[in-house]
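**Student:** I'd like to go over a predicted model; first the sequence, then the structure.
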Amino acid sequence: MRLNPQQQAAAECTGQHVLVLAGAGTGKTATIIGRAAHLLRSGIQPRRILLLTFTRRAAREMVARLERDVGAGSRGVVAGTFHHFCLLTMRRQPKAFGLVDATVIDRDDQLQLVRLARAEQRAKGEQFPQASAILNAISYARNTNAPLPRYLAKHSDWDEDTTRRVLLVAQQYRDRKRQRGYLDFDDLLHRFASVLHKEPAVRARVAGSFDHVLVDEMQDTNPLQWLIVDALRASATLFCVGDDAQSVYAFRGADFRNVHAFAERVPGAAVLKLEENYRSTQPILDLANWLLDGSSLEYGKRLRAHRGPGALPRLMDFDDEWAEADWIAVDLIERHERGTPWRDHMIITRTAWAARALESALVERDVPYRFVGGTQLFQAAHVKDLLSLVRAGLSHRDELAWVRYLTLWPGIGDVRAARTLDTLLPQPDLPQALDTLRAAWKGDARVHEGPRQVWLGRSQPAQVLTDAIRFLEPLLERRYDNWKDRKRDLALLAKLAQRHRSLPAFLEAYALDPISSSEASRLEQDDMVTLITAHSAKGTEAPVCYLLRAEPGLYPHARSLGDLDQEEEERRVLYVGMTRAMDTLILTRSCRLGGHRVFWGGAAGQHAPGGSAYLLEDLPDELIDSQPAPPDPWDDDEIIVPFG
DNA sequence: AAGCTCTGCTTTTTT
DNA sequence: AGCAGAGCTT
C-alpha cells in the first residue's frame, strides 16, 4: 500500500505520542494500518502492539487489512473494540479485576432488569419514564464518569419525585446486577478503568505489556475510554486518529475534547493533519463542505478532492416514502443491469425504522441486500429464546435466562416463573436446582429436561445447540407463525457455535458481537446492496450512495430538536452520510416541503437558537442537481374515460 | 389467581 | 417487534 507524504510522515513519526486529525476519506485507515506495518517492520513484536477501535466492524476491517498488507507477520497484534479488550484482559486475570463467575449481559438483558425495578417504582397507570430512557441515562452518566444524580439534575426534565424514584430504579438495577453476577457493557469499561486507576501494580502490568497503542476514531471515545488510554500511556506510545467533524456518538458519552484537548493532556504530543480526500469527486465534497460551513461551530475543514471533478449530487423529491423506496429499488435494478455489481451500492438511513418502506420495496423487487446497524436481525426473539435455554442450562443463578425459558411453556407466566425461581436460587448448584424443579413442578414434566440436556452436554457447544433447537421446536413452532424462517437462523447459530471451545465462551462472544452480520451474509452470498445506518456507515464507502429520506424530521432527527449540541451532532451524521459516496450521491426525500408537516416527538420544529430545523433548508442551486418527483406509480385514482 | 389474547401505541444512533 | 393494558379463559 502506498501512502502520500503526509500519511507517511504520520505513520513513521516515532518517539512521541501522535494525534492525527484526518478528514473524511483522507486515508485514516490506511495511515493507521501503515503505522502498524511500519512498527512491525522496524522489529516491534506483534503482541506488543494494541489496536483499539470503536466498533466491531472497524476492528474486523483493520485486522483483515493488516493481514493483507503485512501477511503472517501481523499475527499476534492485539486488536479489538475497547469493550472486547477490557473483557479479554480481565478474563486473563479475573482475581485482580474481581471477575470470577461473571456473566456479560447485553442491552436486552439490561432493559429487562431495569423493567423489573421500574415496575416497583411506578404506580399503576402512571406516566413514568420508559425503561429505555432510564437505562440511557444510567449508561450515559456511567460512560461520562459522572454521578447519576448530577447528570439527571442537569439533563433531564423529570420532576423531583420522578427523579427520586428513577434514582431508586438505578440503585436496584445495580443491586440486581451484583446479586446475579451480571456485568453490562458499561461495567466492562468501568471496572477495567477503575482497577487500573486504583491498583498501580495492575496498571503497570497491563500498560507494560504494550509498546504501542493505536486508537481509531478517537473523537468517539468517552471519558471512561479516555481514562483507559491515559493509563496505557504510562509505558506505551499513543497513536490516535480522529475527525471531530465525524463525531456522532455524543449520545453515548463520546467527548471530542479527547481530540481537541489532546495536546494539553498529552504533553509533547505531535498533532498532524490529513486533508487530501481520495474517496470522492469534488462536487460531493463541495456539498459536504457547505454543510459544515452552515454550522455555528468552527470545524476548520475543507475537503479537497484528489480525484478532481465529477457529477453533481442529485436531489429527488417524492410524494411519499413508498414512491421514494420504489424508485430507489428500480434505479438499483437499472444500474445492476447496466453492469454495476450490487455491492457497489449503499443506501444510508438515519434510523432503522425510516428504512421500512425501502426494505419492503427491495424485497418486493428481489434486490439482494443486507442491513447493517440498527436492531440486529439476530437479536430476534427466537434467538433469545434459544440462548435463554442454553444459559439456564449453565447456571441456576441466571435469573433473566430462566424467566425467559420458563415463560416459553404454556401455562407459565411471569408470576409462576418468578415463584419457581425463588426455589431455584438458594440451591447450591444446577443439578440440585434441576432436581428441585422436577420435584416441585406439577405441570409438564419436560420443563426441567431442556436445561438438564444442556448441562450434561455442555462440553460440546455445537451439539448442545442442535439438541436445544430440537427440544424447543414444538414450543417455538406454536409461538411464531414464520417458524420455518426463524429455524434457519437457529441452525446458523449452531454452526457458529462449532468455533468455540466452551459454551460460556460462545455466549460471551455472542453477547459482545451478536453474530457479525457480515459473517451471516458471507455464508449466503457476496454480491448485495448494503442498507446501513449513517452511524454504522462511518469508515465505509461505495461508488453509488443513496441518502434515504434526507428530509425534515430526520436530519436533524426530530428528537434532537431544541438541543443545540444534539442538532449539531445531526449535522455531523449527515456529513458522514454524504462523504461515503465515491462517484454518485443521490439524496431522496419523501415529503412535500411546502405543506407543513407536524413531526412526532413533540418539539414540532422548535429548534434551538443557532441550530436548524432542517439541515438542507437553504441548499444552493449550484451545488445540487434538483429533479422533480417522477409520477407516482402507485397513483390509484380512477381513470376517467371520456365517452363520445 | 394466573395466564392468554387482542388492541393500541411507539419506534435514534451502538458497545 | 415489543410493551402495556383490558378483558376473557382456565
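**Tutor:** Everything's here; your move. Numbering: from 1, shown residues only, chains lettered A, B, ... in the order given.
**Student:** Nearest spatial neighbour of A:Glu473, chain-adjacent residues omitted?
**Tutor:** Of all residues not flanking A:Glu473 in the chain, A:Lys487 sits nearest, at 7.6 Å (CB to CB, 6 or more residues apart in numbering). Where C-beta positions appear, they are placed from N, C-alpha and C, glycine not excepted.
**Student:** Find the helix or strand that the one you found is a member of.
**Tutor:** helix A:483-497 (DSSP states H and E).
**Student:** For that helix, list the C-alpha coordinates in CSV.
**Tutor:** Output in CSV follows, covering the C-alpha atoms of helix A:483-497 (Å, rounded to 0.1, in the frame of the first residue of the first chain):
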residue,chain,number,x,y,z
TRP,A,483,-41.1,-20.6,12.4
LYS,A,484,-39.5,-22.1,9.2
ASP,A,485,-37.6,-18.9,8.5
ARG,A,486,-36.6,-18.5,12.1
LYS,A,487,-35.4,-22.0,12.3
ARG,A,488,-32.8,-21.3,9.7
ASP,A,489,-31.3,-18.6,11.9
LEU,A,490,-31.0,-21.0,14.7
ALA,A,491,-29.3,-23.6,12.6
LEU,A,492,-26.8,-20.9,11.6
LEU,A,493,-26.2,-20.2,15.3
ALA,A,494,-25.5,-23.9,16.0
LYS,A,495,-22.9,-23.8,13.1
LEU,A,496,-21.2,-20.7,14.6
ALA,A,497,-21.0,-22.4,18.0
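**Student:** looking just at contacts, which helices and strands does the next helix-or-strand element following that helix meet?
**Tutor:** With elements assigned by DSSP H and E, the helix or strand that comes after helix A:483-497 is helix A:503-512. Counting contacts by 3 or more CB pairs under 8 Å, 6 or more residues apart in numbering; DSSP states H and E, helix A:503-512 packs against helix A:82-92, strand A:103-104, helix A:381-392, helix A:461-479, helix A:483-497.
**Student:** what's the closest of these to DNA strand B?
**Tutor:** Closest to DNA strand B of these is helix A:82-92 (CB to the nearest atom of the strand; 3.5 Å).
**Student:** Tell me which helix or strand comes right after that closest one.
**Tutor:** Next helix or strand after helix A:82-92 toward the C-terminus (DSSP H and E): helix A:94-97.
**Student:** So which bits of that following helix are buried?
**Tutor:** Of all the residues in helix A:94-97, those buried under the rule 16 or more other CB atoms under 10 Å are A:Phe97.
**Student:** Tabulate the CA atom coordinates of it in PDB.
**Tutor:** Extracted in PDB, the C-alpha atoms of helix A:94-97 (Å, rounded to 0.1, in the frame of the first residue of the first chain):
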ATOM      1  CA  PRO A  94     -10.000 -12.500  36.900                       C
ATOM      2  CA  LYS A  95      -9.000 -12.100  40.500                       C
ATOM      3  CA  ALA A  96      -7.200  -8.800  40.000                       C
ATOM      4  CA  PHE A  97     -10.400  -7.400  38.500                       C
END
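**Student:** so how far is that helix off the chain centroid?
**Tutor:** 28 Å (CA atoms, centre = their mean, to the nearest Å).
**Student:** Mind telling me what element A:Val206 is part of?
**Tutor:** helix A:200-207.
**Student:** coming back round to it: can you give me the angle the helix holding A:Lys487 makes with helix A:381-392?
**Tutor:** 50 degrees (axes from the mean of the first three to the mean of the last three CA atoms, to 10 degrees).
**Student:** list the buried ones in the helix holding A:Val206?
**Tutor:** A:Val202, A:Arg203, A:Val206, A:Ala207.
**Student:** How about stretch A:219-237?
**Tutor:** A:219-233, A:236-237.
**Student:** quick one: least confident helix or strand in chain A?
**Tutor:** Lowest on mean pLDDT, DSSP states H and E among the helices and strands of chain A sits helix A:517-524, with a mean of 51.
**Student:** Tell me the helix or strand right after it.
**Tutor:** strand A:529-533.
**Student:** pLDDT at A:Asp385, what is it?
**Tutor:** A:Asp385 carries a pLDDT value of 86.
**Student:** ok, now how distant is it from A:Gly393?
**Tutor:** In this view, A:Asp385 and A:Gly393 are 13 Å apart by CB to CB, to the nearest Å.
**Student:** Tell me which of these two has more neighbours.
**Tutor:** The residue with more neighbours, out of A:Asp385 and A:Gly393, is A:Gly393; 26 against 21, by other CB atoms under 10 Å.
**Student:** right, and the more buried one touches A:Arg458 too?
**Tutor:** Yes - A:Gly393 lies in contact with A:Arg458 (CB atoms under 8 Å); the separation is 7.0 Å.
**Student:** Give me the common contacts of the two.
**Tutor:** Common neighbours of A:Gly393 and A:Arg458 (criterion: CB atoms under 8 Å, 6 or more residues apart in numbering): A:Val464.
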